[in-house]
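> Take a look and give me a structure for this.
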Amino acid sequence: MKSRVLRLRGRPIVSGRCQGLALVSMKPISFFGGVDSNSGRIIERGHDLEGINVKGKILCFPHGHGSTVGSYVLYALVKKGFGPIGMLVQEADTVVVAGAIIADIPMIDQIEITQISAGDEIEIDGSKGIVTITKTKANAPT
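Predicted coordinates:
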């Protein structure tokens, strides 16, 4: 299968490296009340990822919203083994940043997430703010 590689540069928020499949949302995410802390499944009604699990994915979304408790929910998700392994956001907000820091999730912001499709293979270098996206013919936009 033919693939294409795209590199994006953003602002490093939490250092670290990870590689995995992209899970992309065009809507903000609330970790408190929007994500089941015992499974990692999105439970917010009407959310474009409703019913989908964030476990082991590179979570790509515009920004977070909601209560500051969301930081601790994100931490709990990772400690229980249900959290994302990396996060790419368009605009960092304090709730998600605090959660990513305490959970040690590599995170980069100022990334145009519309360039990423669900299922793309993503590699994050959180120290340098570099995102490498491998798009295969199967998941590349037409």
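> how near is the residue positioned nearest the centre of the chain to R4?
Compute the mean C-alpha point of the chain, and by C-alpha atoms, centre = their mean the closest residue is L59, 1.8 Å away. Counting by C-beta to C-beta, to the nearest Å, the separation of L59 from R4 is 22 Å. To be clear about C-beta, it is placed using only N, CA and C from the backbone, and glycine gets the same treatment.
> Can you give me the pLDDT of the nearest residue to Q90 once chain neighbours are set aside?
Nearest residue to Q90, sequence neighbours excluded (C-beta to C-beta, 6 or more residues apart in numbering): P62, at 4.7 Å. pLDDT recorded at P62 is 97.
> what bits of the chain have low per-residue confidence?
For the chain, the stretches flagged by pLDDT under 70 are 1, 137-142.
> What's the local residue count around Y72?
18 (other C-beta atoms under 10 Å).
> Wasn't it part of a strand?
No: counting by DSSP: H, G, I helix; E, B strand; the rest coil, Y72 is not part of a strand but helix.
> residue contacts, the nearest residue to it once chain neighbours are set aside?
Distances taken as C-beta to C-beta, 6+ apart place G99 nearest to Y72, at 7.3 Å, with adjacent residues excluded. Counting by C-beta atoms under 8 Å, 6 or more residues apart in numbering, G99 touches 31, 70-75, 105.
> Would you convert those into a markdown table that also reports distance to I43?
What follows is these, written out as a markdown table (distance: C-beta to C-beta, whole Å):
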| residue | distance to I43 |
| --- | --- |
| F31 | 11 |
| G70 | 13 |
| S71 | 18 |
| Y72 | 17 |
| V73 | 11 |
| L74 | 15 |
| Y75 | 18 |
| I105 | 20 |
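> how about the strands in the protein?
3-9, 11-14, 17-24, 58-61, 86-89, 107-109, 121-125, 130-136 (DSSP state E).
> Thank you, goodbye.
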